[in-house]
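Engineer: Prediction below, plus the sequence it came from.
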Amino acid sequence: MEMDTYRETKSGYDSDGPSDCSSDSSVEDECDTDTSDTETSSEDSTSSDDSSGDDTWSTARRPPPRTEFLGTQGPTIEAEVEDENSPLDYFQLIFDDDLMTVLVDETNRYASQFRATSWKPTNKDEIQVAFGLMLLTGLIDKKRKLASYWSTDELVSTPYFGKCMNMNRFQRLIKFLNFNDNESRPTNCNDMTEVYNHIITKWRELYNLGEHIRIAAIDEAMLKQRKYRKSKRVKYGIRSYILVDANSHYCWNLNIFHRMKMNLSDAVHGLLTEKCYHLWHTLYICSDSFYNSVALSKKLLNEEVHTVGTFRNHKGEPKEIKSPQNMKHNEIIAKDNGKVMVLAWKDKRIVKATSTKHDASASNIRRKGRRGESEAAEIPKAIIDYNKNMSEVDHLDQMLSYYPCTKSLLKWKKVFFYLMTVSVHNCFVLYKYKTSGEKMTYYKFYKKLVKQLCMMKDPSELSESQDLSTSLGEKAPRNDPPERLRGGFTCHRLEMLPPTPKQKQSRRPCRVCKRNGKRKVTAYCCKDCSVPLCRTPCYGLYHTKKNYA
């Protein structure tokens, strides 16, 4: 159906009623948001108008272009694994030996630069266990500090954490987890450039995007930071955008805006890269209608990439679209400049959209009204196609929000574990492609990966440099470690406290005596529990009695 304007209003159509995912609710909500953004540079809001002011606009009667997608969708040859049913094999495609070596070396380097007392050098196996436990905090969400996972309270205890690693050791590993040499990194470079680039590059190497792709904003609640954003529901966050396959929800690329100003054109081209050009992908700009423009659509069309998206005023549109007058319900005004079709459509409010793939035709659909009744609506095909893909935008955020493991973390460590969570989701997408027959759910896949990461060698096989127990020089934990009652005296060693610069013989309050109201200090400490104890009888009571006080 080709048209200049469409002025027929369906009787009985209630424009104020809510609609389902096939209606216009997503685009209308997006177009109704505040346009102010404290992080948007002036280039973003002006670059599109200058390049589109000389366009000649006419009534949109041009048929939609006929282009065929030239790429192939799915895992690449780089995504080969030995066991197609092993989540760990997929995980190690991204977190491979090269990346783990960097993490181990830089963590040990940072601990030495920090001059951590009695630091035991970590290794790949121990870092792997720490990552598994960090992912497990997303599976068991206590909404409190990480130390709560080692609580001995019977009501909320999670003993698996204590079985895998001592709490103090885990906290020190997370504290000293580092991504490059702090003393040699260049100025204005973030703490994880090398690691960040490695992970993103692996995402792109392992998967080929399908025809329908989209740029969407990351749920900023996942990356909360002390960066105020007045116009956003989440007031503090890092503005970040991802390029996602619209069908499989594979996250192919990510761009984090931090300490930089970048106009939209550079940001979009940085996400697409040369691999996406000249294949006739269809790009749905679902992040924010503020960033779409006629100029961007024309520029990407020259690279043989279609675009579909909503936009706001002053984005290169003709005056008929910029300021439509007296529009009725279901009325469409559409204009074309030979490359880009722009339209304004009136439902509850005026919705504006651009497309290089659609014409101005509309379709009749049924949707739910305010009271749940079914009613007819005439909606442009460009809006229908946009809504279909827009409804999938939140799928990745939804999957990641099930098991968030970025709480109680600061700065780039939060970003690192967010990248790890996205990587787990991408591994699950690869698993579904590669595995035939019955497939695991994401929950079972995630849980099996955690178990595989937390697999540990027998403690007797660990060397002194690999000892996972807490050193004697560290501060005693506030809560009793859950492993204090396991293993008997063969697994717990009572040793002398090391000297300090002020004391040749260190002494600390005995835990058992203190809990029983006695003031008594001791020179001995359980090496495995990092708790000061008298030799007799407190050492025996502490490791055999559940209630020793």
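Structural biologist: That came in fine, so what should we check first? Predicted, not measured: the structure shown is a model, and the values here were computed from it.
Engineer: From residue 295, how far off is the residue nearest to residue 294 when sequence neighbours are not counted?
Structural biologist: Sequence neighbours aside, residue 316 is the residue nearest to residue 294 in space, at 3.3 Å (criterion: CB to CB, 6 or more residues apart in numbering). The way it works is simple: take the backbone N, C-alpha and C, and place the C-beta from them, glycine included. Here the criterion is CB to CB, to the nearest Å. By it, residue 316 lies 5 Å from residue 295.
Engineer: now do residue 426
Structural biologist: Taking CB to CB, one finds residue 426 at 32 Å from residue 295.
Engineer: neighbour-wise, which of those two wins?
Structural biologist: residue 426 (26 against 21; other CB atoms under 10 Å).
Engineer: Next, the contact list for that one, please.
Structural biologist: The contact partners of residue 426, by CB atoms under 8 Å, 6 or more residues apart in numbering, come to 94, 203, 206, 207, 250, 251.
Engineer: Tell me which of the residues you listed fall in helices.
Structural biologist: 94, 203 (DSSP state H).
Engineer: for the record, mean pLDDT for the helix or strand containing residue 200?
Structural biologist: Applying DSSP states H and E as the criterion places residue 200 in helix 193-205. Helix 193-205 carries an average pLDDT of 92.
Engineer: okay, how far is it across stretch 91-100, tip to tip?
Structural biologist: Taking CA to CA, to the nearest Å, stretch 91-100 runs 12 Å from one end to the other.
Engineer: Please tell me how far that stretch is from the chain's geometric centre.
Structural biologist: In terms of CA atoms, centre = their mean, to the nearest Å, the centre of stretch 91-100 is set 18 Å apart from its chain centre.
Engineer: And that stretch, what's buried?
Structural biologist: 91, 92, 93, 94, 95, 99, 100 (16 or more other CB atoms under 10 Å).
Engineer: for this structure, what's the longest helix?
Structural biologist: From DSSP H, the single longest helix across the chain is helix 411-434.
Engineer: angle of that helix against helix 193-205?
Structural biologist: 20 degrees (axes from the mean of the first three to the mean of the last three CA atoms, to 10 degrees).
Engineer: Residue numbering should commence at 13 henceforth.
Structural biologist: OK, 13 is where the count begins now, so the last one is helix 423-446.
Engineer: After helix 423-446, which helix or strand is next?
Structural biologist: helix 454-465.
Engineer: list the helices and strands the helix or strand following that following helix packs on?
Structural biologist: As assigned by DSSP H and E, the chain's next helix or strand after helix 454-465 is strand 506-508. If you count contacts as 3 or more CB pairs under 8 Å, 6 or more residues apart in numbering; DSSP states H and E, strand 506-508 packs onto strand 536-538.
Engineer: neighbouring strands for the strand it packs on, and are they parallel or not?
Structural biologist: strand 506-508 (antiparallel), strand 543-544 (antiparallel) (DSSP bridges).
Engineer: list the contacts for residue 227?
Structural biologist: 253, 254, 255, 256, 280, 283, 295, 296, 297, 298, 299.
Engineer: Go through the residues you listed and flag which are in strands.
Structural biologist: 253, 254, 255, 256, 295, 296, 297 (DSSP state E).
Engineer: of those, closest to residue 542?
Structural biologist: Distance to residue 542 across the ones in strands among the contacts of residue 227 (CB to CB) is lowest for residue 254, with 41.8 Å.
Engineer: For that closest one, which non-adjacent residue is spatially closest?
Structural biologist: In space, residue 254 is closest to residue 266, 4.9 Å off (CB to CB, 6+ apart).
Engineer: pretty sure that neighbour contacts residue 228?
Structural biologist: No - using CB atoms under 8 Å, residue 266 makes no contact with residue 228, being 10.6 Å away.
Engineer: shared neighbours, those two?
Structural biologist: What both residue 266 and residue 228 touch, as defined by CB under 8 Å, 6+ apart, is the set 253, 254.
Engineer: Neighbour count: the two, which is higher?
Structural biologist: residue 228 (24 against 20).
Engineer: what about that one, is that helix, strand or coil?
Structural biologist: Following DSSP: H, G, I helix; E, B strand; the rest coil, we place residue 228 in the strand state.
Engineer: my guess is it contacts residue 254, does it?
Structural biologist: Yes - taking CB under 8 Å as the definition, residue 228 is a contact partner of residue 254 at 5.9 Å.
Engineer: what touches both of those two?
Structural biologist: Shared contacts of residue 228 and residue 254, counting by CB under 8 Å, 6+ apart, come down to residue 408.
Engineer: I'd like the mean pLDDT over stretch 111-130, please.
Structural biologist: 86.
Engineer: Model confidence for residue 86, exactly?
Structural biologist: The predicted local confidence for residue 86 is 92.
Engineer: which ones are touching it?
Structural biologist: 219, 220, 445.
Engineer: Could you report the neighbour count for the last one?
Structural biologist: Going back to what we said before, that points to residue 445. Quick note: residue 445 (other CB under 10 Å) scores 16 neighbours.
Engineer: again, but for the one 10 residues further on
Structural biologist: Neighbouring residues of residue 455 were enumerated by other CB under 10 Å; the total is 11.
Engineer: Point out where the stretch 413-561 of the chain drops to low pLDDT.
Structural biologist: 418-423, 468-487, 498-503 (pLDDT under 70).
Engineer: if you set the cut-off to 80 instead, what comes out?
Structural biologist: 413-424, 468-491, 493-505, 512-516, 539-540, 561 (pLDDT under 80).
Engineer: Check the gap between the residue nearest in space to the middle of the chain and residue 162 for me.
Structural biologist: Nearest to the geometric centre of the chain sits residue 430, at 4.4 Å (CA atoms, centre = their mean). Separation of residue 430 from residue 162 (CB to CB): 24 Å.
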